[in-house]
Structure formats: C-alpha cells, structure tokens
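K.L.:
sequence plus the predicted model coming up.
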Amino acid sequence: MVASLTVCPVTPDIIYSAQVQFNIENYTNRKSLGYATFVRSPKFMVGGYEWTLRYFPDGVTEETEGHVSVALERMTENEPSWTLISLTFAGEADRSAWVGWTTAVQFNTENHFLYHWPEIRSEDLEQRNLIRNDCLVIQCYISVVRSNQLLKAGTLPVVEVPASDMLQNLGMLLEDHVTADVIFKVEQETFPAHRIMMAACSPVFDRQLFGQMREKDMGCIIVHDMQPSVFRALLHFIYTDSLLELSDMEVNDQKELIRHLLIAADRYCMGRLKDICESILCQCLDMESLLATVELADQHQSAKLLKSCAEFLEHSGKNDMVASQWYKMLDSNHPELAGQIRSQLEALQNKK
C-alpha cells in the first residue's frame with residue numbers, strides 16, 4: 001500500500017490518500033464459489049480508519065451470477081466520512097489496460113459503511129486480457145477527508161508576531177556611512193546616502209542618480225538653494241517615513257522649517273511629505289504669517305493650503321477683508337492670487 005498525506009490550504013481539512021493493490025489468485029477456480037460469496041483482502045489503514053476490499057467472483061445476488069463485483073468496506077463504524085475512491089482492473093503487462101470507476105462516497109450507517117462498484121461480466125474481463133497467469137489485479141485508490149481537530153478545537157499554540165520593524169531598519173541605514181554610495185553637499189555640510197533609497201522615494205532623485213540627467217560626478221552631488229537643516233529633514237523622511245523631532249525648536253522656527261520642507265517636497269515630487277507639511281501649516285495659521293503662507297500655497301500649487309487660508313480669514317473676524325491693509329498688499333503684489341482668495345471667500349459665504 002502506498003500512502004500520502006495532504007493538508008488543504010483553504011479549509012481546516014486533511015486528506016489522507018492511499019493506493020491499495022489486491023491480487024486475486026486462482027481466478028478460474030474462484031468463479032465457481034457462487035453468488036454472494038466473497039474473498040476479503042487484508043485490512044489496511046487510511047485516514048485513521050480500517051478498511052478492506054471484498055471481491056465477489058460470481059456476483060452479489062442470484063440475478064448477477066456470472067459477474068465480478070468489488071466492494072469497499074470501512075471496518076471502523078463510528079462517524080460518517082467523505083471519501084474519493086477509484087477502482088481499476090489491470091494486467092501485469094499493461095496496468096492501463098482498463099480503468100474502472102471513480103466516485104465520491106459518504107460512508108455512514110445508511111449504507112452500512114459499504115460501497116459496491118458496478119458489476120462487470122467475467123467474460124468482459126477475460127476478453128480484455130486482464131487475467132494474467134490466472135490472476136486478476138485489483139487496484140483501489142482512496143482519499144479520505146477528515147477535519148483537522150486541532151484547528152477546530154483551537155488548541156494549536158498562538159505565535160504572537162511582532163510589529164514590522166522595516167522602517168526602523170531602514171532608518172538605521174541613515175547612519176550607515178560605510179554602505180553609502182553617494183554624498184550630497186548642501187552649503188558646507190555633506191550628507192552620505194544610498195542612491196537606491198533616494199531614487200525609490202523621489203522620481204527626481206531617480207532621474208538625477210540613474211537617468212539620463214544623472215550627475216557626471218556621482219561621488220558628490222551639490223544641492224543648491226536649500227538649507228542643510230531642511231535637507232537633513234528631507235533625508236530623515238526618506239529613510240523613516242516620518243518627520244524629524246522638532247520639539248527642541250522654537251514654534252516659529254518649526255513653522256519655518258516646515259515651509260521650506262514643503263518647498264523641498266514639491267521640488268523632488270514627494271507627494272506624501274508635501275501633504276504632511278500642508279496639513280501642519282493649515283493647523284497653525286495666523287495673521288502675522290498669512291500673507292507668506294498664501295504666497296507659498298500659490299507658488300507650489302497647494303489648493304488645500306490656499307483654501308485653509310480663505311477659511312481662516314472668514315473666521316478671523318475681519319468683516320471687511322477686501323479693505324484691509326493685508327489684502328491691499330496681496331492685491332498689489334499678486335492680483336491674480338488676491339482674486340482667488342476673494343472668490344474662495346465668496347464661495348464659503350454663499351454656502352451659509
């Protein structure tokens with residue numbers, strides 16, 4: 001008997017399979033045993049159940065005399081089980097000579113844990129040359145489906161999986177100057193980095209480091225029009241997907257850094273960082289810096305920040321905003337932008 005075990009990945013079931021061969025010696029003499037008389041195979045185990053094959057050389061009933069019949073019996077009579085079974089009669093020389101039947105059966109008390117395959121005339125077996133040396137070879141393939149009791153009972157040990165530490169590991173690369181393969185120079189400060197990290201987070205860095213516009217001197221790339229503190233914050237976000245800790249800075253210095261970081265994010269097409277900076281600036285608007293924030297929003301196409309500035313003006317208590325010194329300065333320097341602010345204010349007021 002050849003056996004195998006398969007665990008279903010979708011359902012909590014286990015499939016136990018086995019192939020059994022039952023050789024009927026003295027085939028000719030056994031034909032005269034009479035109907036309802038059978039020869040039983042040795043018992044075998046599949047799926048935790050005990051099984052046996054029954055061979056009827058002269059039919060199961062008087063009406064089926066002259067026919068060969070095979071039955072599969074489950075000796076363990078306790079619980080129902082679904083089983084896929086197939087029957088093959090094969091000759092020693094050619095085991096593919098004739099394939100019988102394949103079917104799915106539930107063995108239970110109603111069928112007395114017994115299944116009979118359809119009967120076949122003895123003459124048909126003999127004419128097909130399946131009797132070799134007065135021996136008939138019966139092959140039976142059985143697959144028993146049983147529930148995984150450990151899974152059903154919930155008794156398997158639960159392994160707690162820790163939270164992902166990928167960002168923490170990537171953040172450690174920021175301090176790993178040994179494996180760094182590019183250096184950025186910002187004013188008088190240098191920043192070692194990894195080209196693959198920079199390119200993965202910014203299409204601009206990707207073109208600069210790997211594309212046709214890549215720098216000739218890949219050892220050191222000079223970054224113009226940016227403060228070292230801003231580039232340091234930009235690098236920190238690339239490696240950790242988070243902002244630098246700014247609690248040790250004055251509030252105005254924090255806001256100024258976020259403004260410049262928004263400019264850098266827009267410059268390097270880093271949309272998530274730009275959205276974070278916009279969100280922070282929207283929450284700390286004041287009249288003192290409002291004009292600079294409006295200009296920033298306009299220069300870097302930040303519609304959300306511009307809308308927040310209009311909403312701030314609406315709720316600031318300035319009833320005659322158009323006549324204010326602030327608006328006159330904006331209108332004088334940026335007439336189109338002043339028109340946008342006025343339109344947004346009018347739209348907000350019309351919604352009331």
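P.N.:
Structure received.
K.L.:
okay, CA-based contacts and neighbour counts for the rest of this
P.N.:
Fine.
K.L.:
low-scoring stretches of this structure, by residue?
P.N.:
Residues of the chain that meet the criterion pLDDT under 70 lie in 1-13, 91-100, 148-157, 213-218, 314, 316-331, 333-334, 337-338, 344-352.
K.L.:
and it, what are its domains?
P.N.:
With domains defined by automatic domain parsing, the chain comprises 2-153, 164-284, 285-352.
K.L.:
reformat those into a markdown table and put mean neighbour count next to each item.
P.N.:
As requested, the domains of the chain are arranged in a markdown table below (neighbours: other C-alpha atoms under 10 Å):
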| stretch | mean neighbour count |
| --- | --- |
| domain 2-153 | 16 |
| domain 164-284 | 16 |
| domain 285-352 | 15 |
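K.L.:
residue contacts, residue 47?
P.N.:
By C-alpha atoms under 8 Å, 6 or more residues apart in numbering, residue 47 lies in contact with 15, 16, 17, 144, 145, 146.
K.L.:
got it, and residue 196?
P.N.:
Contacts of residue 196 by C-alpha under 8 Å, 6+ apart: none found.
K.L.:
kindly report the same for residue 252.
P.N.:
Counting by C-alpha under 8 Å, 6+ apart, there are no residues that residue 252 touches.
K.L.:
with residue 41 instead?
P.N.:
22, 52, 53, 54, 55.
K.L.:
would you mind measuring from the second one to residue 139?
P.N.:
Residue 52 sits at a distance of 12 Å from residue 139 (criterion: C-alpha to C-alpha, to the nearest Å).
K.L.:
quick check: residue 239 is in a strand.
P.N.:
No - Residue 239 is assigned helix when assessed by DSSP: H, G, I helix; E, B strand; the rest coil, not a strand.
K.L.:
of the contacts of residue 41, closest to residue 102?
P.N.:
residue 53 (15.5 Å; C-alpha to C-alpha).
K.L.:
that closest one contacts residue 69, doesn't it?
P.N.:
No - with contact defined as C-alpha atoms under 8 Å, residue 53 does not count as touching residue 69 (10.6 Å).
K.L.:
next, give phi and psi for the nearest residue to residue 56 once chain neighbours are set aside.
P.N.:
In this structure, residue 56 finds its nearest non-sequential neighbour in residue 38, 4.4 Å apart by C-alpha to C-alpha, 6 or more residues apart in numbering. Backbone torsions of residue 38, given as degrees, to the nearest 10, read phi -130, psi 160.
K.L.:
is it correct that residue 38 is in contact with residue 52?
P.N.:
No - between residue 38 and residue 52 there is no contact under C-alpha under 8 Å: 11.9 Å.
K.L.:
got the contact list for stretch 161-178?
P.N.:
Contact with stretch 161-178 is made by 192, 193, 235, 236, 239, 240, 241, as judged by C-alpha under 8 Å, 6+ apart.
K.L.:
need those in JSON lines (columns: distance to residue 310).
P.N.:
Below are the contacts of stretch 161-178 laid out as JSON lines (distance: C-alpha to C-alpha, whole Å):
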{"residue": "192", "distance to residue 310": "41"}
{"residue": "193", "distance to residue 310": "40"}
{"residue": "235", "distance to residue 310": "32"}
{"residue": "236", "distance to residue 310": "32"}
{"residue": "239", "distance to residue 310": "35"}
{"residue": "240", "distance to residue 310": "33"}
{"residue": "241", "distance to residue 310": "30"}
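K.L.:
and the contacts of the host helix or strand of residue 221?
P.N.:
Assigned by DSSP states H and E, residue 221 belongs to strand 220-223. Residues outside strand 220-223 that contact it (C-alpha under 8 Å, 6+ apart) are 182, 183, 184, 185, 186, 187, 215.
K.L.:
again, only this time at 10 Å
P.N.:
Here strand 220-223 makes contact (C-alpha atoms under 10 Å, 6 or more residues apart in numbering) with 181-188, 190-192, 208-209, 214-215, 231.
K.L.:
re the thing from before, find residues that contact each of residue 53 and residue 69.
P.N.:
38, 116.
K.L.:
save the contacts of residue 41 as TSV, and put in secondary structure and distance to residue 256 too.
P.N.:
Output for these, formatted as TSV (DSSP: H, G, I helix; E, B strand; the rest coil; distance: C-alpha to C-alpha, whole Å):
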residue	secondary structure	distance to residue 256
22	strand	87
52	strand	85
53	strand	86
54	strand	89
55	strand	92
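K.L.:
ok, back up a step: quick check: neighbours shared by residue 38 and residue 52?
P.N.:
With C-alpha under 10 Å, 6+ apart, residue 38 and residue 52 have common neighbours residue 71.
K.L.:
strand partners (parallel or antiparallel) of the strand holding residue 221?
P.N.:
strand 182-186 (parallel) (DSSP bridges).
K.L.:
hmm, who's touching the partner strand?
P.N.:
177, 190-196, 198, 209, 217-232.
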